[in-house]
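Colleague: Here you go, sequence then predicted model.
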Amino acid sequence: MSDTLAIHGGPKSVTNPEPIAAASRWPVFGEEEQEAVRSVLERGGSYEENGLFEQEFAAFTGSRYALAHNNGTSAIHAAYFAAGVQPGDEVITSAYTWHLQVSQILALHGIPVFCDIDPHTACIDPAEIEHKISPRTRAIAVLHPFGCVAPMEEIMAIAHRHNLKVIEDCSHAHGATYKGRPVGTIGDVGCYSLQASKLMTAIEGGILVTNDTECYERACLLGHYERIPRLQERYRRYYDPAQTMAPTCFGYKYRMNPLAAAIARVQLRHLPERTKVLRQNMCQLSDALRDLSPAFRPPPEAHGTERVWLNYICEYDADRTGIPRQRFIDALIAEGVPASHGRPGYLPVYWNPLYEDRSMWAPGYPFDAPYTTRRVEYPRGLCPIAEARAPREVGLPVLRHACDPAVIAQIAAGVGKVLRNLKAL
Ligand SMILES: Cc1ncc(COP(=O)(O)O)c(C=O)c1O
């Protein structure tokens, strides 16, 4: 076949876009979800579904406790609260994560301390964590970015040395494992978003897992007042046993909608088989892309882990090729490869004016409030690897459903063809 690029009138590498579109379609709900929702409605909107989802998710992850939430953001807020983050406490987190994972530290008047990332995996860099610990550090928040599993043993060793809690944000990593253990169960608390784009979804929802009774009970205190009668004595002081609930705690009301729980239960049942198909497809693509060019890297899989792909984000080095990323992406699209920039919203979090202006609701709060003991700064250049990352990202389709290997080979062939002919661009 001619090697003339499709952008210059040559033949397209991908001959039919339909199989890629079909394999990437998400979210997908079927008869089972519809039946599950109908059944909750027929039972008058029963909350029973939430408890069942929690039991099933706890069993899936091998956790002692699971606590369903109305979204991933509230689960993360509860996780920091569960970990005991107090006003002025510092929480070490990645500069390259979802901004709401960090703003939930501020919600507790905690102070985020940003760490740079590993240039290959985009995971928080353990060596940086060690440098950023101060006497006020309370916890470390770890993201498994786009499903690439972070080096949990190294992170846990640091945490144990300094007596810190570890919170895993698994919102990109449903179904991924670290040395055979599900993500979210290695740290003290794990959180998952179940929002519509995620690998398992309730449309909106979240869930927190932990093996630690104290963490679980604290998470209940923040947003689940109906659980208080079942908590330990000291949390039940205002509970009147004649009534069914305790008018106490914070009342954030983070309870999941039972319709969402019904959908989540079905999605959880399908997660193992979907993870298997996803891994088959994306491993085939990664194998085919791995050695195409030193200027192009498919997303890595860390040793000892089985990752997943919320997004399939490659790195393209325009400095090395001299061809701008946008031109590279345009050439891929012309070949029929649905290429894009990375996941929207993934800039270094501290570029957000919230941090640059050091003010959230009143000048200086919480960054310079009386309860802080040192000034944590957020200058440009703080985390250079995270800052350099976004302009290098090129997204390829995530093939979540069964896909003919020949179609995956066509995607790889399209990328290879453009990389071979960069000079012509
Ligand atoms: C890494 C990460 N953490 C937390 C969240 C928040 O989850 P939710 O949108 O369900 O509130 C998201 C959502 O995209 C996320 O990507």
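Modeller: Yep, it's here. Numbers count the residues shown, from 1 in each chain.

Colleague: can we go C-alpha only for contacts and neighbour counts from here?
Modeller: OK.

Colleague: Parallel or antiparallel, which strands does the host helix or strand of residue 138 pair with?
Modeller: Assigned by DSSP states H and E, residue 138 belongs to strand 137-143. Sheet pairing of strand 137-143 (DSSP bridges) gives strand 90-94 (parallel), strand 165-169 (parallel).

Colleague: Export these as CSV, with columns for mean neighbour count, distance to the ligand and mean pLDDT.
Modeller: Formatted as CSV, those follow (neighbours: other CA atoms under 10 Å; distance: least, CA to the nearest ligand atom, whole Å; pLDDT from 0 to 100):
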stretch, mean neighbour count, distance to the ligand, mean pLDDT
strand 90-94, 27, 11, 98
strand 165-169, 26, 6, 98
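
Colleague: Adding distance to residue 252, write these out as a markdown table.
Modeller: Shown next, in a markdown table, are the strands paired with strand 137-143 (distance: least, CA to CA, whole Å):
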| stretch | distance to residue 252 |
| --- | --- |
| strand 90-94 | 22 |
| strand 165-169 | 20 |
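
Colleague: Now find how far off-centre the strand holding residue 138 is within its chain.
Modeller: 15 Å (CA atoms, centre = their mean, to the nearest Å).

Colleague: and the angle from the next helix or strand after that strand to strand 137-143?
Modeller: Proceeding N to C from strand 137-143, the next assigned helix or strand is helix 152-162, under DSSP H and E. With axes from the mean of the first three to the mean of the last three CA atoms, to 10 degrees defining the directions, helix 152-162 sits at 170 degrees from strand 137-143.

Colleague: Pull helix 152-162 out as CSV, backbone CA atoms only.
Modeller: Extracted in CSV, the C-alpha atoms of helix 152-162 (Å, rounded to 0.1, in the frame of the first residue of the first chain):
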residue,chain,number,x,y,z
MET,A,152,2.4,1.6,46.2
GLU,A,153,5.0,-0.3,48.1
GLU,A,154,7.5,2.6,48.0
ILE,A,155,4.7,5.1,48.9
MET,A,156,3.5,2.9,51.8
ALA,A,157,7.1,2.5,53.1
ILE,A,158,7.5,6.3,53.2
ALA,A,159,4.1,6.7,54.9
HIS,A,160,4.9,4.1,57.6
ARG,A,161,8.3,5.8,58.3
HIS,A,162,6.6,9.1,58.9
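
Colleague: Give me the contacts around the strand holding residue 138.
Modeller: Applying CA atoms under 8 Å, 6 or more residues apart in numbering, the set of residues contacting strand 137-143 from outside is 80, 83-85, 89-94, 97, 123-124, 150, 159, 164-171.

Colleague: Angles on the backbone of residue 50, please.
Modeller: The phi/psi pair for residue 50 (degrees, to the nearest 10) reads phi -60, psi -50.

Colleague: wait, it sits on residue 261?
Modeller: Yes. Assessed by CA atoms under 8 Å, residue 50 is found in contact with residue 261 at 5.5 Å.

Colleague: Quick check: beta-bridge partners of residue 296?
Modeller: Going by DSSP bridges, residue 296 forms beta bridges with residue 293, residue 316.

Colleague: Give me the buried positions along stretch 370-378.
Modeller: Judged by neighbour count (16 or more other CA atoms under 10 Å), stretch 370-378 contains these buried residues: 372, 378.

Colleague: Show residues contacting that stretch.
Modeller: Counting by CA under 8 Å, 6+ apart, 87, 88, 89, 111, 113, 136, 350, 355, 356, 367, 368 sit against stretch 370-378.
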